[in-house]
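K.L.:
With the sequence up front, the predicted model follows.
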Amino acid sequence: MKKVEAFIRHEAFEPIRDRLASLGLPSMSVSEVKGSGRQAGAPDSYRGRRAGIFLRPKIKLEIVLDDRDVDKAVDAILELAQTGHPGDGKIFVLAVEESIRVRTGERGDVVLEAHPEDA
């Protein structure tokens, strides 16, 4: 199992969510976050003073996947999030050591499967 963490622009979220769902990958956690990357701060003024805004708003997607689905997810995110400009975001792929379904205590890959009543 792998965890894909993607930090993307807000406008890229809906197309990515739709594409992942169409690929059979609808489960994800989504957070609104702020962070700084390598791009320079955006110029702004506050009370008449010039200042740079270094924390940029992003959407953070967290998706835990079977290893065989990671490339599909990453490719979809890349295709729909890339504008070619600084600030497009980052994608991280991490190993997941264990998964546990809280309701039943089930462990392992079965946790990623749809519930029988949802199938």
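P.N.:
Done, it's in. Predicted model only: the values in this text are computed from it and were never measured.

K.L.:
dump the residue contacts of Ala81.
P.N.:
Contacts for Ala81 were tallied using Cβ atoms under 8 Å, 6 or more residues apart in numbering; they are Ala6, Ile8, Arg9, Ala12, Ile16, Asp88, Gly89. (Each C-beta comes from the backbone N, C-alpha and C, glycine too.)

K.L.:
What is the nearest of these to Leu112?
P.N.:
Taking Cβ to Cβ as the measure, Leu112 lies nearest Ala6 of those, at 17.9 Å.

K.L.:
Turn the contacts of Ala81 into JSON lines, including pLDDT.
P.N.:
Listed next are the contacts of Ala81 as JSON lines, based on pLDDT from 0 to 100:
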{"residue": "Ala6", "pLDDT": "98"}
{"residue": "Ile8", "pLDDT": "97"}
{"residue": "Arg9", "pLDDT": "95"}
{"residue": "Ala12", "pLDDT": "96"}
{"residue": "Ile16", "pLDDT": "98"}
{"residue": "Asp88", "pLDDT": "90"}
{"residue": "Gly89", "pLDDT": "93"}
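
K.L.:
Would you check which pair of those lies furthest apart?
P.N.:
Ile16 and Asp88 (12.2 Å).

K.L.:
okay, these two: which has more neighbours?
P.N.:
Ile16 (21 against 17; other Cβ atoms under 10 Å).
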